[in-house]
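**Q** Make a model of this:
(one chain, ligands or ions: 1)
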Amino acid sequence: MESKIIKKTTAEDGLSRVDGRLKVTGKAKYSAEYKVAGVTYGVMVGSIVTKGVIKTIDTKPAEKAPGVLTVITYLNAPAIPGYQTDKPQQKGSLKIFYDNKIYFNGQPIALVIADTFERALFAASLVKATYDTEAFQTNLKSNLNNAFAPRKDYLRGQADAYKSAPVKVEEEYIIPTEVHNPMELHAIIARWDADDKVTVWDKTQGIKSTQRSIAQAFKLPPDNVQVTAPFVGGAFGAALRTWPHEIAAVLAAKVVKRPVKLVLGRPDMFTSVGYRPYTWQKIGIGATADGKLVGITHEATGQTSAYEDFTEGVVNISQLLYACPNVDTKYKLVSLNVNTPTPMRGPGEATGAFALESALDELSYLLNIDPIELRMRNYAETDPDNGKPYSSKFLGDAYKLGADRIGWSERAQKPGSVTKDGWLAGYGMGGGLFGAHRSNATVKAIITADGNMVLQTAVTDIGPGTGTAMVSIASETTGIPANKIRFDLGDSSLPPSPTQGGSAIVSTVGSAVHDACNELIGKFKLLPGYTAGTNIDYAQLLKQNNLQQLDVTTASKGGEEQGKYSMYSWSVHFIKVLVNPATGVVKIDKAVSVADSGKIISPKTAASQIKGGSIMGIGMALMEEAVIDHRYGRLVNNNFADYHVPVQADIPQVEALFVNKADQVINPIGAKGMGEIATIGVAAAVTNAIYNATGKRIRELPVTPDKLI
Ligand code: MOS
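**A** Here you go, the predicted structure:
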């Protein structure tokens, strides 16, 4: 019997994840899961002091423990050829086992290698060091006076113009340190295949960048470094660069002349692979009585480590999001005794958007103008920084879609005026933008005698569903059914692709897949027997011509006309909260996120991407905070029991909506990015909703219940 249920076509239709079955059946192998003959196990030992020098380090008991092959410290570590040994540890990535200096609590001081993980873990507990300690600083708030400017200040029009505006807001905002905490721990297995040849199974967002970094560190030809990572269990920026533990594992494998597996423990994930830095911000924003922006002044100071400057675009959003004649921004850093931060989903912009979109909300109440209406009155039709036209911008459509879906018309402008079953109800919105990019990628496309297609490139998939999107593009371009197309990735021997980051992979690699498919179709069209105007029967044409396969390797890059346009993806997030007036508990009642990311290539995985980003934003607003006890400079919640992230019970059904209009400029497939905008603006949408519900404006995240009672 035929089903009577007619399913409406929604954004969630489309191809299911091409690797979904592998993932849910456990057949997808992650870095630590490869069986490598003769493998040994590494466990790191971290410094228990926050600043100073190692005075003594006793590795003897550990070396004598059962199964231990070696204990590597700065005293016995072979020199890493790529480290500049004529200089002390200075500005730059942390040189592991380099000297006796300690820059942060948890800094690796030893690596124990044993024949089992348990034996390595036990032996690691026997390594004892003594230190000469020095005074340290881990508190950004109390060190704002020590900030320095790593970049030039920005000025458009007049500085501090907001001060003379008829209506103005001037407030400070703080986001704490947030840690990516992907499900998959960072892990590497390193095996030397010859004196000058190494293979790594490594958790990374960048196959080719990891190949280059390891080659550089060990002075090898890049082709002598084989990197494998076909599956990555989440990363969010934490695997964008090659970290010291990866170098340490490769080094250790050389020392013990056996493969070494090194899996970071969850606490190490807080000190070894970066985080979103604690950032203080101040915004001054002024408008005319009818809501035209007069000026924005945005200052931000973020934390970095004592050995490396990490910068991100925190204040850029104030230069770019709204049409405003006068904008001045300042960005500063404070060097603290912490490990180096790294990009975390929506890097910079997510931090900046919390301040800017909060300030705009505050302004809307002072002006008594609806927050969406206020944004529309300052809608940027062209890039406010350089005057260029946008390659595409449908943010206005996104506002309408989202407002409709959340039920914005139910919102009361007066805070605290709507209740539901004794809870205070409130609505909030916030949005943002992130640069849309297309870089270079090379794809090999093969069609074989059975009519199947294989696509190959050295990209990774950290979770968004890259393979699914690529198969969708190839199927649409060639007419070959999706189940006959395979996408090979995550292997450095494949043609080059960029690192998966900055929301650019569908645009970049998707375009390369599209170009390769078209080039391959062109080859088929030249075969004798091809009839124009019909669907190509690839298998038949190959058979007719006695060919086993046809293939192309296509290098693809963006056109020069891109420089004439400003290219961004846009998002707006709507949140409805319920706040318990007695306990301060915040429940997310409804969440709607709308993206203008050009044409949607893979609706199901795109929706999943937006939902994940929204959930991260909700975590940022309500829960996430890595806490350092500044008396000791040590993290106190470096585990999943104490560092809270949203779980199912915290999150309602998040609705992901798309404007779904192709960008005609950025690339031939019309798609822009969406990974970053999925999170940018969410935290402000939550705190704005909390204000609408309660009349309490919380400017320091996360909004824990104690801040609301
Ligand atoms: Mo993203 S923060 O570029 O992984």
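
**Q** Tell me where the stretch 501-650 of the chain has strands.
**A** For the stretch 501-650 of the chain, the strands defined by DSSP state E, counting those that start in this stretch cover 549-556, 568-579, 586-596, 628-629, 634-635.

**Q** Say whether the ligand is contacted by the longest one.
**A** When you say that, I think you mean strand 568-579. No - using CB under 6 Å from any ligand atom, we find that strand 568-579 stays clear of the ligand, coming within 12.8 Å at best. From N, CA and C alone the C-beta is placed, and that goes for glycine too.

**Q** Pairing partners for that strand, with directions?
**A** strand 423-435 (antiparallel), strand 586-596 (antiparallel) (DSSP bridges).

**Q** which bits of the protein sit near the ligand?
**A** Gln205, Phe236, Gly237, Leu240, Pro343, Met344, Arg345, Pro347, Gly501, Gly502.

**Q** tell me the SS of the residue nearest to the fifth one when sequence neighbours are not counted?
**A** By that I understand Pro343. Among residues not flanking Pro343 along the chain, Gly237 sits closest, at 3.9 Å (CB to CB, 6 or more residues apart in numbering). Here Gly237 is coil, with the state taken from DSSP: H, G, I helix; E, B strand; the rest coil.

**Q** related to what we said a few turns ago, same list (the strands of the stretch 501-650 of the chain) but as CSV, adding mean pLDDT, distance to Asn145 and mean neighbour count.
**A** Shown next, in CSV, are the strands of the stretch 501-650 of the chain (pLDDT from 0 to 100; distance: least, CB to CB, whole Å; neighbours: other CB atoms under 10 Å):
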stretch, mean pLDDT, distance to Asn145, mean neighbour count
strand 549-556, 98, 49, 17
strand 568-579, 98, 35, 29
strand 586-596, 98, 34, 25
strand 628-629, 98, 19, 18
strand 634-635, 98, 24, 20
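
**Q** In TSV, list the ones you listed along with distance to Asp290.
**A** Formatted as TSV, the strands of the stretch 501-650 of the chain follow (distance: least, CB to CB, whole Å):
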stretch	distance to Asp290
strand 549-556	48
strand 568-579	22
strand 586-596	26
strand 628-629	46
strand 634-635	49
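
**Q** Tell me which of these lies nearest to Thr288.
**A** Closest approach to Thr288 among the strands of the stretch 501-650 of the chain is made by strand 568-579 (23.6 Å; CB to CB).

**Q** What is the least confident helix or strand in this structure?
**A** Lowest mean confidence among the helices and strands of the chain (mean pLDDT, DSSP states H and E): strand 419-420, at a mean of 93.

**Q** Can you give the strand pairings for that one, parallel or anti for each?
**A** When DSSP bridges is applied, strand 419-420 pairs with strand 423-435 (antiparallel).

**Q** centre of the chain versus the partner strand, how much separation?
**A** 20 Å (CA atoms, centre = their mean, to the nearest Å).

**Q** Alpha carbons of that strand, as PDB, please.
**A** The C-alpha trace of strand 423-435 is given here as PDB (Å, rounded to 0.1, in the frame of the first residue of the first chain):
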ATOM      1  CA  TRP A 423       8.300  31.700  33.600                       C
ATOM      2  CA  LEU A 424       9.300  35.000  32.000                       C
ATOM      3  CA  ALA A 425       9.300  34.800  28.200                       C
ATOM      4  CA  GLY A 426      11.600  36.800  25.900                       C
ATOM      5  CA  TYR A 427      12.700  37.100  22.300                       C
ATOM      6  CA  GLY A 428      16.100  38.100  21.000                       C
ATOM      7  CA  MET A 429      18.000  38.300  17.800                       C
ATOM      8  CA  GLY A 430      21.600  38.700  16.700                       C
ATOM      9  CA  GLY A 431      23.500  38.100  13.600                       C
ATOM     10  CA  GLY A 432      26.800  38.500  11.800                       C
ATOM     11  CA  LEU A 433      28.900  37.900   8.800                       C
ATOM     12  CA  PHE A 434      32.000  36.000   7.800                       C
ATOM     13  CA  GLY A 435      34.200  36.400   4.700                       C
END
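
**Q** Following element in sequence after it, please.
**A** Once the chain leaves strand 423-435, the next helix or strand it forms, by DSSP states H and E, is strand 441-448.

**Q** That next one pairs with which strands, parallel or anti?
**A** Applying DSSP bridges, strand 441-448 is found paired with strand 453-456 (antiparallel), strand 549-556 (antiparallel).
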